[in-house]
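Chemist: mind looking at a prediction? Sequence and model below.
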2 protein chains.
Amino acid sequence: MNIELICTGEEVLSGQITDTNATWLANQLQDVGLEFSRKTTVGDRMDDLVEVFNHRSQQADVILVNGGLGPTDDDLSAQAMAKAMGVELELNQEWYDKLSAWWAARGRPMTDNNRKQTMLPSGAVMIDNPVGTACGFRVKHNRAWLIFTPGVPHELKRMMLDHILPFITSINQRQSQVQVKKWMTFGVGESQLASLLESLKLAPGCTLGFRASAPQMEVKLIARDIADQALYQAQCDTIKSLIGDALVGEDYPTIAECLHHQLLDSELKIAAAESCTGGQLASQLVEFPGSSAYLQTSLVTYSNQAKQTLLGVPASTLEHHGAVSLQTAEAMAEGARAVLDCDFGVSVTGVAGPDGGSEDKPVGTVCFGLASREGVVSQRIQFGSRSRSWIRKMSCAVAYDMLRRAMLGQNPIADYPMLTRHS
Amino acid sequence: MNIELICTGEEVLSGQITDTNATWLANQLQDVGLEFSRKTTVGDRMDDLVEVFNHRSQQADVILVNGGLGPTDDDLSAQAMAKAMGVELELNQEWYDKLSAWWAARGRPMTDNNRKQTMLPSGAVMIDNPVGTACGFRVKHNRAWLIFTPGVPHELKRMMLDHILPFITSINQRQSQVQVKKWMTFGVGESQLASLLESLKLAPGCTLGFRASAPQMEVKLIARDIADQALYQAQCDTIKSLIGDALVGEDYPTIAECLHHQLLDSELKIAAAESCTGGQLASQLVEFPGSSAYLQTSLVTYSNQAKQTLLGVPASTLEHHGAVSLQTAEAMAEGARAVLDCDFGVSVTGVAGPDGGSEDKPVGTVCFGLASREGVVSQRIQFGSRSRSWIRKMSCAVAYDMLRRAMLGQNPIADYPMLTRHS
């Protein structure tokens, strides 16, 4: 099956936004054994849209169209598709009723702009959007099904998972059985992982892929039409053992989510003290429902005064060793643990840059502490002078990994091939 | 001038990497008043490449081709271009000599793979690559100049800046001067903004655009070849006044960054108490260097115990009104402000879902408090049962907007057309 993607919108074309929808969609397709054969991005111009719909629908079986379903005049996708097919736009009563009810519930009349979003090319099949005002739709034109989706990422994702992926797989003639297995790793680079896995002889139909998505790196085994399931399983086991210590989890896409589930299962209580991560460590866990079961508090103590008043870090420690030091990290972790008597207290204090570095503690120097009822450990990692955002993201991941290892009864301080530790 | 981009490579198409080259190139063009009219991404398949070169060269004046110049078998760009033109590949002596010298300097013979990189379509003009083994080249085919560039970002960038941008501007007959002005808004939807601006008569050459990027919405005026700068400026002023109260800032892309700069300029100190935002409110500010000047602390107080112990919220308040209430939000804001004696304390406590809602306080109910030395105000907003991530993101934005308004001497509690308030 030949699947293409058409992205619309001046913002993508003019480089104001990078097209992450395209990346996400490609990954979804890959998980069911499909891939885009072409991707076209066009601006919000009627002639261009009509031309690309007509031209590509002669080649492809399925075309996902993303964007251009909004309420304003520069949203032309439905109108352009009608023009390409030589049909009129007509009101979709089902979507009209739904939008009217939505506005009525808010005590306001529907705007003309929203009414525009109920007009679909004649003959189109409406696709529900439970989280936005733009419905999707699909039409058959030339040899292709063209499937229209909103550009807003969470609306697109919902529609893709609920309706479009099931539809595509239902019309896919040459079904191959695809199994995708993913392993999440931390602290190793792509080339290092590739070396670890070099000795592996892949079974027929299997492809190995890597996807860097800082802070984690994903290893993915895509298997098509596997006859021998035992062989496939053995291969998965081999990969897992070759990855070894760097393996953070198997079933969740981020290290934060892996830790969240590990904590949920543990009945342990944790607290955090954050300086350069500034709340990000806690926030990424709070993103998952149920995190209140284990996360008691996080204290964002950016200033020295906050570290003293809220965490009880001694003034002398800050004075002699500085805010970014093993000693301060340990006192912060102990203070965070003690304030609500948690099982673990974890701390992060570092120089995220771009300013504030010194010869002794250059930008990218981050100290971590982990306190339990038994004691406290700490480490200092030098991330190098990368961006502030990258240093903060990686710092959260190191703190999570310390907790993960401690919960497994391992040494919380690990040797990461891609990171430099001074402790 | 009609400029298009063709990206080649399975990695981009399969979503293994997001195409940041395209974003970078589009931004370079925009700086000289040009823009891509189309972007096509194809895999490393000969037929696809030949088809796209032939088809697009009938429409475009200039086509940038990125990728496929590497030494391996799946790098097909030069060969495909020769096939599309019906010519042979021939050795480019200048590049051959340069590569030979490069290898000789390293005491090694040139590999066969690298020799492949010296073969260009007959008649092509070679483009030097001072930082890699793949030279670029350009050919004229149908109405277009096709310009071939390597996929490696730093090689592409060097070639683009040294050779290609000067070439494109030299052949651009109709130079246009482009001005882009952006306004950041909060609390109004795209259709509501469009209604606000409906009365506007755009000057010739001007286009108005909207870009939704929750929590904020951007309004953008793109002006080409403006003869009357005074008229243009007057139009910008009109837009600004039509947006009115919803305008959060003009120069920064997010509400968090607008607030960051406002706080930096203010010399005020703030503290936060976060329940459902769980550190995100602080973290988004800490992302900007210099935030330590104003952000003294944020207390992530997810549990009732944390609210009592760390913020001094009375047990009776939690018992009588619940954790998600105006009373608790006010006590949290006051507690956060007092702990390090800041100018402002801001608090967020809500039901981010998907569980935890009740009839009285359904998912999406969030209470906000803002304490100053003069007193405390609060409001309750009902975001509706959207995703947990969306509710948390919007909650941060409402808290920022309360601070923004308070600093401007306005009422921190505003009527947002797209949000429902119960206070």
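Modeler: Great, that's in hand.
Chemist: gap between residue A:204 and residue A:249?
Modeler: Relative to residue A:249, residue A:204 is positioned 28 Å away (Cβ to Cβ, to the nearest Å). For every residue, glycine as well, the C-beta is placed using N, CA and C.
Chemist: assign a three-state SS to residue A:100, would you?
Modeler: helix (DSSP: H, G, I helix; E, B strand; the rest coil).
Chemist: try residue A:380
Modeler: What three-state DSSP gives for residue A:380 is strand.
Chemist: re earlier: of residue A:204 and residue A:249, who's got more company?
Modeler: residue A:249 (20 against 11; other Cβ atoms under 10 Å in any protein chain shown).
Chemist: OK, contacts around the more buried one?
Modeler: Listed by Cβ atoms under 8 Å, 6 or more residues apart in numbering or on different chains, the contact set of residue A:249 reads A:183, A:184, A:255, A:257, A:258, A:261, A:262.
Chemist: now list the buried members of those.
Modeler: Buried members of the contacts of residue A:249, counted by 16 or more other Cβ atoms under 10 Å in any protein chain shown: A:183, A:184, A:255, A:257, A:258, A:262.
Chemist: nearest to chain B, of those?
Modeler: Minimum distance to chain B across the buried ones among the contacts of residue A:249 is 12.7 Å, recorded for residue A:257 (Cβ to the nearest Cβ).
Chemist: now the element after the helix or strand harbouring the closest one, going C-ward?
Modeler: Applying DSSP states H and E as the criterion places residue A:257 in helix A:255-264. Later in the chain than helix A:255-264, the nearest helix or strand by DSSP H and E is strand A:270-274.
Chemist: mind listing what that next one pairs with, with the direction of each?
Modeler: Using DSSP bridges, strand A:270-274 pairs in its sheet with strand A:295-301 (parallel), strand A:344-350 (parallel).
Chemist: dump those strands to a markdown table, plus distance to residue A:373.
Modeler: Below are these laid out as a markdown table (distance: least, Cβ to Cβ, whole Å):
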| stretch | distance to residue A:373 |
| --- | --- |
| strand A:295-301 | 14 |
| strand A:344-350 | 9 |
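Chemist: of all those, which one comes closest to residue B:88?
Modeler: Within the strands paired with strand A:270-274, the stretch nearest residue B:88 is strand A:344-350; the backing value is 58.3 Å (Cβ to Cβ).
Chemist: hmm, the helix or strand following the closest one in reach of chain B?
Modeler: Downstream of strand A:344-350, the next assigned helix or strand under DSSP H and E is strand A:365-371. No. For a cut-off given as Cβ under 8 Å from any Cβ of the partner chain, strand A:365-371 has no contacts with chain B; the smallest distance is 13.5 Å.
Chemist: please apply the same query to stretch A:90-103.
Modeler: No. Stretch A:90-103 does not reach chain B (Cβ under 8 Å from any Cβ); its nearest approach is 9.7 Å.
Chemist: which residues are contacting that stretch?
Modeler: Stretch A:90-103 has contacts (Cβ under 8 Å, 6+ apart) with A:109-110, A:114-115, A:117-122, A:124, A:126, A:133, A:135, A:137.
Chemist: residue A:396 sits in which helix or strand?
Modeler: Judged by DSSP H and E, residue A:396 forms part of helix A:388-407.
Chemist: and that helix, what does it pack onto?
Modeler: Here helix A:388-407 touches helix A:255-264, helix A:280-286, strand A:344-350, strand A:365-371, strand A:376-382, going by 3 or more Cβ pairs under 8 Å, 6 or more residues apart in numbering or on different chains; DSSP states H and E.
Chemist: any idea of the mean pLDDT for the third one?
Modeler: It stands for strand A:344-350. Confidence for strand A:344-350, expressed as mean pLDDT, is 98.
Chemist: just want the angle from that strand to helix A:255-264.
Modeler: 160 degrees (axes from the mean of the first three to the mean of the last three Cα atoms, to 10 degrees).
Chemist: likewise for the last one?
Modeler: Using the same axes, to 10 degrees, one finds that strand A:376-382 and helix A:255-264 are set 170 degrees apart in direction.
Chemist: mind listing the strands strand A:376-382 pairs with, and their directions?
Modeler: By DSSP bridges, strand A:376-382 pairs with strand A:365-371 (antiparallel), strand A:420-421 (antiparallel).
Chemist: minimum distance to residue B:196: which of those has it?
Modeler: Among the strands paired with strand A:376-382, the nearest to residue B:196 by Cβ to Cβ is strand A:365-371 (45.7 Å).
Chemist: please export the C-alpha coordinates of the closest one as CSV.
Modeler: What follows is strand A:365-371 as a C-alpha-only set of coordinates in CSV (Å, rounded to 0.1, in the frame of the first residue of the first chain):
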residue,chain,number,x,y,z
THR,A,365,28.3,20.9,35.9
VAL,A,366,25.5,19.3,37.9
CYS,A,367,25.5,17.7,41.3
PHE,A,368,22.9,15.1,42.4
GLY,A,369,22.1,13.7,45.9
LEU,A,370,19.9,10.8,46.9
ALA,A,371,18.9,10.4,50.5
